[in-house]
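**Student:** Pasting the sequence and the predicted model now:
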Amino acid sequence: MAYLPNYANDVFISYAHDDDIPRWGKDVGWVAGFIDTLERQLPGHLSREGSLDRNNLKIWKDTRTIEGADFYDDKIKRAIGQSAVMVAVMSKSYFESTYCADELKTFCDSGDIAVEFEDGKKSRLIKLILSGISGQKLDPRISRTDGYTFYAMDERGNERRFMRTVEGAQDDGYWATMELLASEVGRILTRMAGRPPATPVPSAGVSVYLAEVADDLEHVRARVKEALTQQGVRVLPELRLPPRARELKREVARNLAEAALSVHLLGALAGKAPDGDDLPATHIQYRLASEHKREEASREPLRRIVWLPPALDVASVEAQNPTHHQFLEGLRYEQDAESPMELIQKSVEELMEEIVKQALPPKQKMKGRFEPNRTALVYVAHHPDDQQEADLIMSELNGHKQDVLLMDGSDEKQRMKELRPRILGCDAVLILYGRSPRAWAREVTIKARDIAQKRNNPLYAKAICDGPPDPKDDLGLSFVDWQVLKCRKGIDPQSLEPFIKAVAVKN
């Protein structure tokens, strides 16, 4: 019996046996050590609610202990089909193995490998990367998912695999990356058990573009991404960038349009160039961020943070890659000019503090101080794509002693069906137009106006909240007595103040 009652195995480990050969003087190979670590760390990330028992956790690994009468291929395929999550230990040896390719395909074909979360989807296939795999063609269902990188490049450009160390010894990145991977697997298993994440993080209502990096800094990017996610920050891009230059640039531009800040981690290696371009993806992302304007009218440039490892000697890069050296030197000159770019060459911890400080400025307070003298029921009509912003609006209203009813949207028909009774029964209404389709927001707003006019008593307040992202098409609506709250830069108290005051204060 496994932790998940509907599966025989919680985790299937797919790996090449060459990656589990013990080194001289070692008792176990790398994969065996990884599984031992996962078995120790994963239970701490699992829910114990109801009948779930973390002691039942079962991790399946092919140990070649197949019984004599078993068909080898059948037993492995059966184990894959009965596993909730696959961890694929990807390396050069992995992609040379026919068995590994078959395991990967079998799992992807076993059913829907996506798991729904409030903030998006996650894959049941976790990529553990032991060496460079960027040239490999992966199944489209997993090619653009993030993996967990267990290697780094040394100063000579050679791959250095992270190794499990004993307590007290210096960690080369193994334990930090291991904790991130165990946390991710734990969240997925807990979700599949029908339980919400153990510690859901409320959205901060802000997005940060964290540029993809060269192989030597993948583990640093993973740490920064996790730190931002724990602060409720939405990290973009949410999927790996496409391999072709044209699609990559289009995807980067789309993500930058939603970001309040871009972060670029750069080191001695430039990274690989996408198909169809000579420049590495790290340079392309920075150039596009430099050219991006947050608001077309004001031509306000996007704020950027560039981080270099503290021990990096930029001058030494010239011999290895003159073009990358010139790029790094150019950043120093840009830093000296008037620019919204900040160059940081400090520890990763100091970098993360600076990102959080810039992405999450101190919470604004209302301009005018007013005391609520009534409690109203506010109906917030929103599309599922704008759930994070709707939650922020609810939080602000609750903070001013107002009751809130969010639109219940399991399907489109249900959302439209509830519109009339909710508006007739509430005291105030707010229509949120953010990432929702423009046609949907127009239809809801027009219907809400018509319904509000049929009420026996007027609403305390009516508003359209024009939320993020920016830019996007206007609704093309202007109704008398309807406030328009300009919140495209993010939901904040200052923008919501006119509506909240109209709801909470009886003249």
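**Tutor:** Cool, the structure landed.
**Student:** how's the chain carved up into domains?
**Tutor:** Domain assignment for the chain by automatic domain parsing gives 1-200, 202-361, 377-504.
**Student:** With mean pLDDT added, can I get these in a markdown table?
**Tutor:** Listed next are the domains of the chain as a markdown table, based on pLDDT from 0 to 100:
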| stretch | mean pLDDT |
| --- | --- |
| domain 1-200 | 82 |
| domain 202-361 | 86 |
| domain 377-504 | 89 |
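**Student:** can you list the ones you listed in JSON lines and add mean neighbour count and distance to residue 371?
**Tutor:** No exception for glycine: its C-beta is placed from N, CA and C like everyone else's. Below are these laid out as JSON lines (neighbours: other Cβ atoms under 10 Å; distance: least, Cβ to Cβ, whole Å):
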{"stretch": "domain 1-200", "mean neighbour count": "16", "distance to residue 371": "32"}
{"stretch": "domain 202-361", "mean neighbour count": "17", "distance to residue 371": "26"}
{"stretch": "domain 377-504", "mean neighbour count": "18", "distance to residue 371": "8"}
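**Student:** from memory residue 429 sits against residue 455, does it?
**Tutor:** No: counting by Cβ atoms under 8 Å, residue 429 stays clear of residue 455, with 10.2 Å between them.
**Student:** Next one: residue 288 from residue 23, what distance?
**Tutor:** 43 Å (Cβ to Cβ, to the nearest Å).
**Student:** swap in residue 451?
**Tutor:** In this structure, residue 451 and residue 23 are 71 Å apart, going by Cβ to Cβ.
**Student:** do the same with residue 173
**Tutor:** Counting by Cβ to Cβ - residue 173 and residue 23 are separated by 18 Å.
**Student:** Assign a three-state SS to residue 500, would you?
**Tutor:** Three-state call for residue 500 (DSSP: H, G, I helix; E, B strand; the rest coil): helix.
**Student:** mind listing what the nearest residue to it once chain neighbours are set aside touches?
**Tutor:** Using Cβ to Cβ, 6 or more residues apart in numbering and skipping residues adjacent in sequence, the residue nearest residue 500 is residue 400, 5.3 Å away. Residue 400 sits next to 372, 500, 503-504 when contact means Cβ atoms under 8 Å, 6 or more residues apart in numbering.
**Student:** which of these lies closest to residue 261?
**Tutor:** Taking Cβ to Cβ as the measure, residue 261 lies nearest residue 500 of the contacts of residue 400, at 27.2 Å.
**Student:** so the closest one touches residue 396, yeah?
**Tutor:** Yes: taking Cβ under 8 Å as the definition, residue 500 is a contact partner of residue 396 at 6.7 Å.
**Student:** And for the helix or strand that contains residue 349, what's in contact with it?
**Tutor:** Assigned by DSSP states H and E, residue 349 falls within helix 348-359. Applying Cβ under 8 Å, 6+ apart, the external contacts of helix 348-359 come out as 204, 206, 208, 220, 223-224, 227-228, 231, 233, 260-261, 263, 303, 305, 307, 342, 344.
**Student:** can you pull the alpha-carbon coordinates of the helix or strand just after it into PDB?
**Tutor:** Downstream of helix 348-359, the next assigned helix or strand under DSSP H and E is strand 377-381. Extracted in PDB, the C-alpha atoms of strand 377-381 (Å, rounded to 0.1, in the frame of the first residue of the first chain):
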ATOM      1  CA  LEU A 377     -22.200  42.800   1.100                       C
ATOM      2  CA  VAL A 378     -20.000  43.300  -1.900                       C
ATOM      3  CA  TYR A 379     -20.300  41.100  -5.000                       C
ATOM      4  CA  VAL A 380     -17.100  40.700  -7.000                       C
ATOM      5  CA  ALA A 381     -17.700  39.300 -10.500                       C
END
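**Student:** just checking, what packs against the following helix or strand past strand 377-381?
**Tutor:** Proceeding N to C from strand 377-381, the next assigned helix or strand is helix 387-399, under DSSP H and E. When contacts are defined as 3 or more Cβ pairs under 8 Å, 6 or more residues apart in numbering; DSSP states H and E, helix 387-399 sits against strand 377-381, strand 403-406, strand 428-433, helix 493-504.
**Student:** Mind checking those for the one nearest to residue 122?
**Tutor:** Using Cβ to Cβ, the nearest of the helices and strands packed on helix 387-399 to residue 122 is strand 403-406, at 23.9 Å.
**Student:** and the next element down the chain from the closest one?
**Tutor:** helix 412-425.
**Student:** quick one on the thing from earlier: from the contacts of helix 348-359, which land in helices?
**Tutor:** With helices taken from DSSP state H, the overlap with these comprises 220, 223-224, 227-228.
**Student:** May I have the residues that are in contact with residue 269?
**Tutor:** So residue 269 contacts 153, 157, 214-217, 321, 324 (Cβ under 8 Å, 6+ apart).
**Student:** Spatially, which two of those are the most separated?
**Tutor:** 217 and 321 (14.9 Å).
**Student:** Looks like residue 345 contacts residue 312 (just checking).
**Tutor:** Yes: counting by Cβ under 8 Å, residue 345 touches residue 312, with 7.1 Å between them.
**Student:** Mind giving me the packing neighbours of the longest strand seen in the chain?
**Tutor:** The single longest strand within the chain, with elements called by DSSP state E, is strand 83-90. On a contact count with 3+ Cβ pairs under 8 Å, 6+ apart, strand 83-90 meets strand 9-14, helix 30-41, helix 98-108, strand 125-129, helix 174-192.
**Student:** need those in CSV with distance to residue 237, can you?
**Tutor:** Formatted as CSV, the helices and strands packed on strand 83-90 follow (distance: least, Cβ to Cβ, whole Å):
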stretch, distance to residue 237
strand 9-14, 26
helix 30-41, 27
helix 98-108, 22
strand 125-129, 16
helix 174-192, 17
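**Student:** Minimum distance to residue 484: which of those has it?
**Tutor:** With Cβ to Cβ as the yardstick, what comes closest out of the helices and strands packed on strand 83-90 is helix 174-192 (37.7 Å).
**Student:** what does the closest one rub up against?
**Tutor:** Applying Cβ under 8 Å, 6+ apart, the contact partners of helix 174-192 are 3-4, 10-11, 34, 37-38, 41-42, 44-47, 84-85, 87, 115-117, 122, 124, 126, 128, 148-150, 162-165, 196-198, 219, 222-223, 226.
**Student:** Let's verify residue 465: helix, strand, or coil?
**Tutor:** Under three-state DSSP, residue 465 falls in the strand class.
**Student:** which residues does it form a beta bridge with?
**Tutor:** Taking DSSP bridges as the rule, residue 465 bridges to residue 432, residue 485.
**Student:** gap between it and residue 261?
**Tutor:** Applying Cβ to Cβ to residue 465 and residue 261 gives a distance of 23 Å.
**Student:** ok, now residue 162?
**Tutor:** According to Cβ to Cβ, residue 162 and residue 261 sit 29 Å apart.
**Student:** swap in residue 244?
**Tutor:** Distance from residue 244 to residue 261, by Cβ to Cβ: 27 Å.
**Student:** With residue 107 instead?
**Tutor:** Where residue 261 is concerned, residue 107 sits at a distance of 37 Å (Cβ to Cβ).
**Student:** Next: residue 222.
**Tutor:** According to Cβ to Cβ, residue 222 and residue 261 sit 19 Å apart.
**Student:** shouldn't residue 482 be in contact with residue 449?
**Tutor:** Yes: counting by Cβ under 8 Å, residue 449 is a contact partner of residue 482 at 7.2 Å.
**Student:** Find the residues that touch each one of these two.
**Tutor:** Shared contacts of residue 482 and residue 449, defined by Cβ under 8 Å, 6+ apart, comprise residue 462.
**Student:** Test my guess that residue 466 contacts residue 485.
**Tutor:** Yes: if you go by Cβ under 8 Å, residue 466 and residue 485 touch, sitting 6.5 Å apart.
**Student:** about what we covered before: what touches both of residue 429 and residue 455?
**Tutor:** Between them, residue 429 and residue 455 share these contacting residues under Cβ under 8 Å, 6+ apart: residue 423.
**Student:** thought residue 394 was touching residue 403?
**Tutor:** No: counting by Cβ under 8 Å, residue 394 stays clear of residue 403, with 9.7 Å between them.
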